[in-house]
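Trainee: got a structure for you, letters missing:
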């Protein structure tokens, strides 16, 4: 039976193939291993195999396992890839190295104040709702460039990249292309796009990081 480590190696190889097919340098795409719902004992083998970049959806869940894992494994970079509630800003700034889900003015303002207060500055991404889905978080595509500008000019935030989650069941390519177009207009360098079912496609559209969970850890209960 294949293990999470076997799957990790397969995903890394697939990313390398996709980079080569897109005429991109090997290692230009960062693998974010999405460890949400998996406990510390399930994550440790992947850490032992050298993976150091991980994504979590919920602040409280991440708090329950990552401080101990960080004590045992140096160099971990932790990404918040789920919606950020305003009452979790303090904890998110303290715990995460990258927050990928800035999507409204209230969160931008709260993060600016909290980062200054803690003197800790996680990298920030704007989540864009490329499919304009009412049930999904993210800024509307037509508002994204202006929102990035307000984050910089009004709140003094450094915005490193954009993130999206294409609608389920749709061809993800146009959504990845749209995010890349917005990023160029907004003058941001990083693109977090692509998950277990479409990360190789995302590499072809310029993803700088892909968020892969079930293809590594298996299906979630």
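Mentor: That came in fine, so what should we check first? Remember, predicted model here, so these are calculated numbers, not experimental data.
Trainee: could I get the full set of helices for the chain?
Mentor: Secondary structure of the chain (DSSP state H): helices at 4-21, 40-48, 59-72, 89-95, 105-118, 141-153, 173-186, 199-204, 214-217.
Trainee: show me where pLDDT drops low in this protein?
Mentor: 1, 221 (pLDDT under 70).
Trainee: need the helices of the chain in TSV (columns: distance to residue 162).
Mentor: To be clear about C-beta, it is placed using only N, CA and C from the backbone, and glycine gets the same treatment. Output for these, formatted as TSV (distance: least, CB to CB, whole Å):
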stretch	distance to residue 162
helix 4-21	20
helix 40-48	26
helix 59-72	21
helix 89-95	19
helix 105-118	14
helix 141-153	7
helix 173-186	5
helix 199-204	12
helix 214-217	23
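Trainee: which one of those helices is the most hemmed in?
Mentor: Between the helices of the chain, helix 199-204 has the highest mean count of neighbours, a mean of 22, where neighbours are mean count of other CB atoms under 10 Å.
Trainee: touching, residue 47 and residue 69? I think so.
Mentor: Yes. Taking CB atoms under 8 Å as the definition, residue 47 is a contact partner of residue 69 at 6.7 Å.
Trainee: between the two, which contacts overlap?
Mentor: By CB atoms under 8 Å, 6 or more residues apart in numbering, residue 47 and residue 69 have these common neighbours: residue 76.
Trainee: now do stretch 76-85: everything it contacts.
Mentor: By CB under 8 Å, 6+ apart, the residues outside stretch 76-85 that reach it are 32, 34, 36, 47, 52-59, 62, 66, 69-70, 92, 95-103, 107, 137, 163, 192, 211.
Trainee: redo that, cut-off 6 Å
Mentor: For stretch 76-85, the surrounding residues in contact (CB atoms under 6 Å, 6 or more residues apart in numbering) are 32, 52-55, 57-58, 66, 70, 92, 96-101, 107, 137, 211.
Trainee: relative to residue 131, which of the helices of the chain is closest?
Mentor: With CB to CB as the measure, helix 173-186 is the member of the helices of the chain nearest residue 131 (6.5 Å).
Trainee: so what secondary structure elements neighbour that closest one?
Mentor: Applying 3 or more CB pairs under 6 Å, 6 or more residues apart in numbering; DSSP states H and E, one finds that helix 173-186 contacts helix 141-153.
Trainee: from the contacts of stretch 76-85, keep the buried residues only.
Mentor: Applying 16 or more other CB atoms under 10 Å to these, the neighbour count classes 32, 53-55, 57-58, 66, 92, 96, 98-101, 107, 137, 211 as buried.
Trainee: look up how far residue 94 lies from residue 12.
Mentor: Remark: distance between residue 12 and residue 94 (CB to CB, to the nearest Å) = 30 Å.
Trainee: before we move on, what about residue 32?
Mentor: According to CB to CB, residue 32 and residue 94 sit 20 Å apart.
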